[in-house]
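> Here's my sequence, what's the structure:
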Amino acid sequence: MNELIARLKQRKLVQWTLAYVAFAFALLQGIDMVAARFGWPDAIERGLIIAACAGFFITLLLAWYHGERGVQKVTGMELLLLALLLALGGAFMWRFSGSHMPAPIAAVASLAKASPAPATARTDIPAKSIAVLPFENLSDDKDNVFFSDGLSEEILNSLARIDGLRVIGRTSSFQFKGKDVDSRTIGARLGVANLLEGSVRREGERARVTAQLIRASDGTQLWSQTYDRTVKDSLAVQLDIAEHVAGVLNVVLDDKQRAHMRAAGVKNVDAFIAYQKGWKLYIEAHSKPGIGLIDGLRQANVEFDKAIALDPNFSFAYFAEADLYEHTLMADGRSHAELLDAQRAALHTLERAAATSPDPQQRDLALAERQLLSDDWHGLADRIEIALKQPGCSAPNWMPVFASAFGYGDLIENLGARVNVCDPLNGINYHTRMSVALATGHPQRALDVLAMYWKALGPTPSASQPIALAMLGRIGEAQATLASMEPRGDGYYIAQLIVGRAAGEDPVTLRASLQKVDRKSSKLQTGDITDAVAAALSGNRAQANRRAAALDTRPAGGLLLALVVTACQCGAPFDLDATPHFKALLAESGLRWPPPRTIAYPNLPGKPKP
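Below is the predicted model:
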């Protein structure tokens, strides 16, 4: 052994090893700083680390042969050591190649395979970009958190009216509330160069507001100010803060932009406190287990109603309120009278949301969504196209999902990509983009969006993934993905049916597997819509027509049937003659029909073979 060590020293293997490790460490440290400054994707750094590790084995081999001239004879022990080095290097490369990666790495790599860079990928962070973090509530009364949250959102809305300044949406920036995360990490995740943070201390009718603008990359304070105001006067603070931020970031404000900023604000303190309370309940209704979606939204609407009563021009409150009525229209087991009331309420709130909105894009999106819920589709195709082509990055609600049944895939994706730039941690927008991509026959696009979603918010199961894999013909991967997911919810049920049909499974076996899916656990009570999709995918045209006809007679039946088309991805899932109301709506709308079939199901009864 001593002789072996001496011969290794003679070959200078140790010197080469130490020199390479020092060089690789310094190189990777430098690359890490550059990547953070320019917002490079994590995949670049991972690839360089793997390359550096592989280079280590290459360096050892070069060192071996470089020292060959000084060694007269190669021993068997040295040959064994050389063989071990080659085996370790080969095993390392085999382990991290695409087909033998650990499961989480392989899953992400498979999503990116054979696809162009996503439309939302960014290579740098603009200097004139900012996120408003929720101001900390320093008051003894913890309920004052609604006041501090409201003030934070008002500042955000004022800044969002400034041309030339990228402002991150509330959904993303408020995810860091109460979390101890450094400014560099927040800036990198949100794609901004600057952060505005602060605190609010309220005592009775007095409030002290402290704000500071910091550079995200190193935490340097660029500006700070403390305001002592009455609670009512504190609303004027938002404009002063916005103007100071614009000045520090060298953004020029004119009178028109100042007028837009003033118009974006809420003038009543109690109104925006009520709105913040309603918004908390709204989020819990959608995400918190044990809370029924519709019951939770009813509680949220009590607060939204208070906000509207105090400020009749509160556009955001109207827009949020409409969600209850839309979910009610889609839900099972509701009486015709209840559904009619929900339709009327949805039309009213969306009309008011559009009429009071200071944002032209949000106004057009609300009007398009409203018409989809109505019984008058005259000119609907033009209205949808106008709304989708409006500049800006306001996040739509249901309209893209409905509209994807009639095409518009590229326009909706363009809007979704813009929303991701302004609101990169908005999970609903990622899900919308995936649904639209699948409905319009773009499975790889759906996988690309899913990869971005996982990178931004962490890996979570998605029924869109096995459907996309099945559309790409990767049936084995689709089946394995489904097997790793919990069999619950209508989304899983439809995915199981689509993958099973795409794989040519025996109908009896497929029906047995579908019986094991827990459909009652879904927050979305849309079993009637799912049953219509299932009938169409099963090839039972008569049953599909009967279920579609029942949906056609319901208030807002047009949007329900649009959802059937979106989920089925099987062309026209029913005959138009079975749905006379829907047929009449289509005739006056200018919308395209029939939609394309995005999956060629083998041996589907009642359908021609592909």
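
> okay, now the domains of this protein?
Following automatic domain parsing, one gets these domains for the chain: 2-97, 129-265, 342-589.

> Switch those over to JSON lines; also include distance to residue 595.
C-beta: built from backbone N, CA, C; applies to glycine. Formatted as JSON lines, those follow (distance: least, Cβ to Cβ, whole Å):
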{"stretch": "domain 2-97", "distance to residue 595": "34"}
{"stretch": "domain 129-265", "distance to residue 595": "30"}
{"stretch": "domain 342-589", "distance to residue 595": "6"}
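
> And the residue nearest to residue 576 when sequence neighbours are not counted, which helix or strand is it part of?
In this structure, residue 576 finds its nearest non-sequential neighbour in residue 583, 4.4 Å apart by Cβ to Cβ, 6 or more residues apart in numbering. For residue 583, the element it lies in under DSSP states H and E is helix 580-589.

> so how far is stretch 353-360 off the chain centroid?
Mean-position distance between stretch 353-360 and its chain equals 24 Å (Cα atoms, centre = their mean, to the nearest Å).

> average model confidence for the helix holding residue 583?
For helix 580-589, mean pLDDT rounds to 96.

> do stretch 312-329 as well
Averaging pLDDT along stretch 312-329 gives 95.

> buried ones in that stretch?
Using 16 or more other Cβ atoms under 10 Å as the test for burial, stretch 312-329 gives 313-329.

> cool, stretch 135-152 as well?
Per 16+ other Cβ under 10 Å, stretch 135-152 contains these buried residues: 135-137, 139, 144-152.

> and that stretch, how far apart are its ends?
End-to-end distance for stretch 135-152, by Cα to Cα, to the nearest Å: 6 Å.

> contacting residues around that stretch?
For stretch 135-152, the surrounding residues in contact (Cβ atoms under 8 Å, 6 or more residues apart in numbering) are 132-134, 174, 197-203, 207, 209, 211, 231, 234-235, 237-238, 266, 269, 272-273, 275-277, 280.

> Just the buried residues out of those, in PyMOL syntax.
Buried subset of those, written as a PyMOL selection, criterion 16+ other Cβ under 10 Å:
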select buried, resi 132+133+134+174+197+198+199+200+201+202+207+209+211+231+234+235+237+238+266+269+272+273+275+276+277
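
> Residue 301: which of the domains of the chain is closest?
When the domains of the chain are compared by Cβ to Cβ, domain 342-589 sits nearest residue 301, at 9.4 Å.

> how long is that closest one end to end?
This stretch, domain 342-589, spans 23 Å end to end (Cα to Cα).

> And stretch 198-208, by the same measure?
11 Å.

> Now do it, average pLDDT.
pLDDT averaged over stretch 198-208 gives 89.

> going forward can the numbers begin at 23, since that is how I track them
From this message on, residue numbering opens at 23, which makes the last subject stretch 220-230.

> roughly how far is that stretch from the heart of the chain?
Distance, stretch centre to chain centre, for stretch 220-230: 34 Å (Cα atoms, centre = their mean).

> Need the residues that contact that stretch.
With contact meaning Cβ under 8 Å, 6+ apart, stretch 220-230 is reached by 157-161, 163, 166, 169-170, 173-174, 231-234, 248-254, 256.

> what about the helix or strand harbouring residue 342, distance to the chain center?
In this structure, residue 342 sits in helix 337-352 according to DSSP H and E. On the basis of Cα atoms, centre = their mean, helix 337-352 sits 20 Å off its chain's mean C-alpha point.

> Tell me which helix or strand comes right after it.
In N-to-C order, the element after helix 337-352 by DSSP H and E is helix 358-378.

> Buried ones in the helix or strand just after that following helix, by neighbour count?
Elements were assigned by DSSP H and E; along the chain past helix 358-378, the next helix or strand is helix 382-395. Buried residues in helix 382-395, counted by 16+ other Cβ under 10 Å: 383-395.

> Now do the same contact list for residue 310.
Each residue near residue 310 by Cβ under 8 Å, 6+ apart is listed here: residue 318.

> Against residue 200, how distant is it?
17 Å (Cβ to Cβ, to the nearest Å).
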